[in-house]
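Peer 1: How does the following fold in three dimensions:
(2 chains)
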Amino acid sequence: MTGDSDWTTDGDTPLELLTLPASTLDRVSQPAVRDAIQYFNPGLITIPGARTPTAEATARDAAPDIPVLHPQLGRGGNRVHHFRYSPDAGVHESPDAAPPPGTIDILAVQSGDVLPQLQTQLASGERQTGSEAATFLFAPKLTVDWDTTTLSTTLPHADQLAAISATLPEPVTVLAGGQPAEYYHEWELPHNHSSVHVPISGLGATEHSGAMFAQYTCTPRGTIAAEAVDADQFGLRALNGVGQSTAQRLRKQGCQTTSDVQNLAISTLTDLPGIGQTTAEKIHAHADVIHSGEPIVLTNKTPVKTRDDRPPLCLDIETDGLSPTIIWQLGVYDPATDTHQAFIEKQHPKDPKPVLEAFITWFIANHQDRTVLTWNGYKFDYPHISQFLEQHLPEYVDAWEDVWTYDLYKWAVRDGNALLPGRTNKLDHVARALGYDSAGTGLTGAQTAAAYQEFMRNPDSPVAELDWERHKTYCEDDCRALWHVYQAITNATRRDMTDSGTGGATGQQAGLTDF
Amino acid sequence: MSDNTTTTDTNASTDVNADTIIDTFPRVSLTPDSEYIETIELPAEPANTVPTAEVLRPELAEPYPHNLFSHQADALNALETGNNVAVTTSTSSGKTHIYGLQIARNLLDAGVLNPDGTRASEQNDASTALCVYPMKALTKDQQEALDDLYDQLGLDIRVEIYDGDTQDGRREIREQADVILTNFAGLNLYLEHHDKWSRFYSALNLIAIDESHTYTGIEGMHVAWILRRLQRVADYWGGDPQYVLTSATIGNPRDHSEELINAPVTVIDDDGSPHGPRDVILWNPPPRDKTRDSTPEEESFDIDIDDGTDMEEDDEEFVAERVPASVEAPKVFNHLTSHDIRTLLFCESRKLTELSIQRANEHRQNNPREYDRSTTVGREAYNAGLGRRTRHSREHQFKNGVLTGLATTSALELGIDIGSLDATVLMGYPGQRQSFWQRIGRAGREASRSLAVLVGDHRTLDQYILTHPEYLLENDVEDAVVDTSNNSVFATHVLAAADEIALDESDIGTFADEDRLRAAVKMWREAGFVDGYLDAAVHYSGPSRPQTRVNLYGTTGTDYRLQLADNVDRDKWGLPDDLDLEPIEQNRAYRDYHEGAVRLQNGQQFEVVNLDEDRPQPIIELKPVNCEYYTRTRNKVNVLDAESEESREVNGFMLHFGRGTVLVHHHSYDQLYIGNSDPKQQAIPTETPPILMDTQLCWVEVPEDVETALSRKYQDYGIETGVDPENTGIAHLGYIAGLHAAEHATIQTAPLELRVDKNDLGGLATLVMDTHYSHPEYDDITDSIGDSFEAATHALEQRTQELTGRTASGWFIYDGVDGGLGFARAIYENFEALAERARDQLRDCHCGQPNGCPACTFDENCGNDNKPLLRASAIDVLNQLLGDDTRDDLAEHLPDDEHSGDRRPVVFYS
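Peer 2: The predicted structure follows:
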């Protein structure tokens, strides 16, 4: 999934595919579905999971102009749905004619039983696909089974998936309806005494991973990047302070969307059970934020303190995974000089010391008196930097501890000092909602980690070597996005909540280590 | 407490002479020489000590107030030379001081302490210790013990508890404590944030694992992996811990310890501590008078005085039924505590601890000539179902003498300090020598005489023990089972380990074998829970906190909360706002808390009025009641989709080990009178669904010629098997009754060979073995039956018809916990020894009944009401398996032609 070489070629032409799992559609209101479709603005919608005509009707009604794929409903001769996409023509159901080679094909099967038939059609040329752009194969209920007693997994229909992959000249990516939205694995499947490479991405129709909607950026190279958002972030429930029952009561009063809420009197809100003055004001403010795309600050606290007038340094690190063995990139953007400094380990991926040493000596020598800002740094960047210093450069532990470090995510979201637009609290989503113009590397955090892992496994192979410039830009982009968010917050309107005494308190989240 | 409650002086020396106790017991003609009473005197042991100065440096030796027992000296010397040690000496033999003193030496060596015991520096980056205990109550106790030791030695050592109850100052403890006391359930979670513990782990040089024998079965497997994860974290931060494992009673200290910690240990088992003489009374309750009406009348509560008067004429006869230990033991408990003898009564269930207090009080009330009715005796129940506050208060009251007796579950088996006591009463044989010695070891102080009374139940094991006391006295205690080969448990810990520190090739051989580690990583990668490869780094990438998947106690994970029903008038019943009851897991909820169940909690009866599972945390609603009965569930069992993983042949019998699904349905319950456990109403439906367990099984297939011969040999048996006359028509009844009896007998005698509780095992005898197997050409039955036991039975009947002509007979034994405990594997490996025990039991029982008795074939957990059973055919089957009979012995029963006999019916008995 690293797709390192496609940065410059297809950055502007991917297919945006939204999945609305059937079980999630069952649980959310129609206005919320509309809100989600408006937010994601997809080219194509899929409904993985169980066969439900209601789910399909809901999606079609909410997105009358966007094709909706729910092949589970198909029967008889209509068991394979075939759509095509090109940047110029958009998404359309495939005519029988041969497509231009650069077309992305989307093949949707009613069930796994249809795969042999599809494979025959593809092999015989009866069904044709664009040979120079990826084909995405949508299997609405495909789920990977595993058995811990035998330490083995079973991929249903593996033979057919391998055969289809081997038949087509272009990359084939399988979209597995029954796997979580975060799921991505490149399978090596045996085929004809050899093996084929079959990437499989999950579409989120699982019982266990919560109710999510996810949008997938599908490139002609077959790469795929997911943005999964909790279904509760759409419709009225997107508003801070509006839960299931409040949303229901609001809808009963004819209030369907967040813009309807904007037009409600505060007193209408406080008349609802469990809503005090502060909460009502916050709900109102949040509706304003979502519509204006402008943040609102709720307190008179400042996000950071600095020793002088210089702005904070924006820091971001890249690791090889969530339990890092190396911090292989440390990027620092200095808004004071509008310069970015990156420290990247390109030679010794299994030795975490040199890159860390380069960073820390540079930092201590030049910026010891500066304030450092991160996004979620208290949970990720800072503890990992400390841990690696402790392990490899204990002599710098104290000096680093003296540095003033802040976490804008904690300040704004966890401590409730600001209301931000965006449906998740991920930095790139927040920044995008605040109008940040991203560099468009097409990378995600998971992809950049996976690319480095590949490099760690084959440090001497030119194939595994990263496009360093692209990954450096990715990290720099995050540092600059952070600065953008910081500026938006410091320039934001402040709206003090009336102190009603009853709180509307943002109850402290139970500590994860409370045991 | 009322004013006229007697309070015992906890320091007074009490006469606990066995003969006196027996002579004064209010039952006519009971003497120490009675047929059913046997007293064994265990001699005192003198101390064997070593001058402390020979072992410890002067700073420690001079203030240490005693000489060291020889085993303490041996252990400290072994630790000095860098070995890990496993100390297995008796209760109160000073095991805590072994690691306590080693910690002190380490801190002095590391320069954290000055030679005068003061701290050389505030910060300790050089020497830390971790002590792990099986119960929080014990942790608290041991903190006090270590603090006392260091006070005596004048050492400024920071001993801190860090567990779920630790509210404040967690960070300070991590950053400053010298010694941290915790438990494995907590440790499992704390490992995730090991970076916050970097100081502690980088200096870690001692890990003490107290009461290590408790880490057996499923819990043992998890602990073994938690310790491997702990070792990875210690390695990462540069710690290099030595291990000290302690246990009073364990049969295989070396194997068990080495399996747990994955490193060699030196075993220290030559006990140098003294103890006083101990009388063990083996107490068989008198026969039960079966002529009485089974519905008790009021007077039946007053039968005690006369109980046993008609015993003499029974002396040489078989006793069909005896007074249950659950009725008899509370009387003995009353007798002892009424004589101011500080006593623990060990009961097999929480329910029985509560019932026993009631029964003891009744016994006291009903024998006014013997006991002074104007006073009461301080006695309370103690079990883990009571809330923490209640438990703590009862510990305290017993310690300071307000209570003279506690009726407890195994909760007080371990070394919680409740002060010294003089006697223990065991309600039934606890199933294991390990547990027997641990329990009776609770009584006795220094050199004074102590007493233990084992009140036998009328069941196989107990009767065997009472008639073969040498089994207790002459054998080592059982082995503790730790099965690190269990893949499911391993796989869970692979996720946790990857989350803590990325896995790589350096974990091969240290954390797990290469093939296994690669297989687990590949599986989790394909399933989407980890990313990366071992040649670089494997990171956890699934839902956060994989440590919470670790389930130390093998439960399903869903807890059921107990609460009062809405409409209960608390004031009227005098109930507190908070019932202070612990949540329970699903299997227990279905068994004990179905609607209609009557449970005793804190002396108050409650009826379950609602079991509500349709919510994130299911709840059980209770209503206080006063009724004359309690309830007991009945269950039925089936085995589905069994898949053989290993098999071997024994004299033509095929033994298998494998996995499968066991369906247990607690389908109905009985109401039983409290006074005598006689039934009031029977077979009331529970309305709960069956529970499916994916578990491990062992099974045996009987060869066809043996089956054919025995079917014919016993073809005329009918009501002799215990079934009602209308049910005698089943083909092969005499034979299947033998399989059923052999299944019961092998399960019941399993604890004689292995460290296993028979309640953790289940069985099923069947004429259609293959029907219960998984077949490649069929879908698994489990997938199609939903929540219906009947659907499973129907599917098996269907399968039998489809599988005509290729099915065998035999029986299954399975681990009664989801995932399996490793016991079925041990049974598979030791099957001949078990079969021999079972055969002896069946052959040697004097009951004279074809279908046997509670002492040979009956099982209180039998789902088929102990029908049909037949000893003779069971003995024949087992003799064939053991090779003690030859096939020629059966020749006369074989038919002349190949084809014969009736079509085998689809019957199975659990």
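
Peer 1: measure residue B:534 to residue B:225 for me?
Peer 2: Applying Cβ to Cβ, to the nearest Å, the value for residue B:534 to residue B:225 is 18 Å. In this view, the C-beta of every residue, glycine as well, is placed from N, C-alpha and C.

Peer 1: and these two? which has more neighbours close in?
Peer 2: residue B:225 (25 against 19; other Cβ atoms under 10 Å in any protein chain shown).

Peer 1: Need phi/psi at that one.
Peer 2: phi -80, psi -30 (degrees, to the nearest 10).

Peer 1: which element is the closest residue to residue A:158 other than its chain neighbours on?
Peer 2: Spatial nearest neighbour of residue A:158, excluding adjacent residues (Cβ to Cβ, 6 or more residues apart in numbering or on different chains): residue A:189 at 5.2 Å. According to DSSP states H and E, residue A:189 maps onto strand A:184-191.

Peer 1: what residues does that strand touch?
Peer 2: Residues outside strand A:184-191 that contact it (Cβ atoms under 8 Å, 6 or more residues apart in numbering or on different chains) are A:1, A:144, A:155, A:158-159, A:161-163, A:165-166, A:195-202, A:224, A:226, A:446, B:525-526, B:528.

Peer 1: Strand partners (parallel or antiparallel) of it?
Peer 2: strand A:194-202 (antiparallel) (DSSP bridges).

Peer 1: now the strand it pairs with: how far from the chain's centre is it?
Peer 2: 22 Å (Cα atoms, centre = their mean, to the nearest Å).

Peer 1: One more: stretch B:251-271?
Peer 2: The answer for stretch B:251-271 is 21 Å, by Cα atoms, centre = their mean.

Peer 1: Then stretch A:315-326?
Peer 2: On Cα atoms, centre = their mean, the centre of stretch A:315-326 falls 18 Å from that of its chain.

Peer 1: follow-up on the earlier one: count residues in the vicinity of the residue nearest to residue A:158, would you?
Peer 2: Residue A:189, neighbours per other Cβ under 10 Å, totals 18.

Peer 1: Tell me the spacing between it and chain B.
Peer 2: 11 Å (Cβ to the nearest Cβ, to the nearest Å).

Peer 1: Tell me the bridge partners for that residue.
Peer 2: Beta-bridge partners recorded for residue A:189 (DSSP bridges): residue A:196.

Peer 1: Need the pLDDT of it.
Peer 2: Confidence at residue A:189, expressed as pLDDT, is 95.

Peer 1: again, but for residue B:379
Peer 2: 95.

Peer 1: Return the distance of it relative to chain A.
Peer 2: Separation of residue B:379 from chain A (Cβ to the nearest Cβ) stands at 35 Å.

Peer 1: And residue B:280, by the same measure?
Peer 2: 42 Å.

Peer 1: check contacts around that residue.
Peer 2: Neighbours of residue B:280 in contact, by Cβ under 8 Å, 6+ apart: B:39-42, B:440, B:452-454, B:469.

Peer 1: From those residues, which land in strands?
Peer 2: Under the assignment DSSP state E, those contribute B:39-42, B:452-454 to strands.

Peer 1: PyMOL command to pick out the buried ones of these?
Peer 2: Under the burial definition 16 or more other Cβ atoms under 10 Å in any protein chain shown, those of those that qualify are selected in PyMOL by:
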select buried, chain B and resi 39+40+452+453+454
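
Peer 1: Which of the ones in strands among the contacts of residue B:280 sits closest to chain A?
Peer 2: residue B:452 (38.4 Å; Cβ to the nearest Cβ).

Peer 1: my read: the closest one touches residue B:443, true?
Peer 2: Yes - counting by Cβ atoms under 8 Å, residue B:452 does reach residue B:443; the two are 6.4 Å apart.

Peer 1: which residues are in contact with both of those two?
Peer 2: Joint contacts of residue B:452 and residue B:443 (Cβ under 8 Å, 6+ apart) are B:278, B:423-424.

Peer 1: gap between the closest residue to residue B:50 other than its chain neighbours and residue A:164?
Peer 2: Excluding the flanking residues, the one nearest residue B:50 by Cβ to Cβ, 6+ apart is residue B:73, at 4.1 Å. Distance, residue B:73 to residue A:164, by Cβ to Cβ: 73 Å.
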